[in-house]
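[1] Sharing a sequence plus its predicted fold:
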Amino acid sequence: MEKYESMEDYLEAILRIKEKQNYVRSVDIAKLLKVSKPSVTYATKKLRDQNFITFDDNGMILFTSSGEKLAIETWTRHKTLAKLFVHLGVKEKQALEDACKVEHDLSPETFKAIKKFVDNKL
């Protein structure tokens, strides 16, 4: 995919759906991300080409080990940042929105420090 951020958003969405219902269809991703089905088709093709996902015989989306690892890392950043923002007084809905924007741009060093703070203080 051209944008790493978009790739992470799709992988994160796949993980969230999988955690909720144990299977993932393209239509589920489109609904969660509020994008068109053709957008999901394009993105999942790119994710498959980059070996982050595969499809089973029923067309369900499955992670590869590298795809699941990146999805978990992204979702962890999202949840950790949202928790920090809520602690700072931001309303939960806004905190979740802002976490999505910030999660892609933090250096590993900065995120490690934030995670350490959140894990130890909150």
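    Structure received. Numbering: from 1, shown residues only.

[2] Which of the residues in stretch 70-88 are classified as buried?
    70-71, 73-75, 77-78, 80-86 (16 or more other CB atoms under 10 Å). (Glycine included, C-beta is placed from N, CA and C.)

[3] Can you name the residues in contact with it?
    Residues from elsewhere that reach stretch 70-88 (CB atoms under 8 Å, 6 or more residues apart in numbering): 8-9, 11-12, 14-16, 52, 63, 92, 94-96, 98-100, 102-104, 106, 111, 114-115, 117-118, 122.

[4] And stretch 97-113, by the same measure?
    4-5, 8-9, 74, 77-82, 85, 90, 114.

[5] Keep only those of those residues that are in strands.
    Judged by DSSP state E, these include no members of strands.

[6] for the residues you listed, which one is nearest T44?
    Using CB to CB, the shortest approach to T44 within those belongs to D9, at 12.5 Å.
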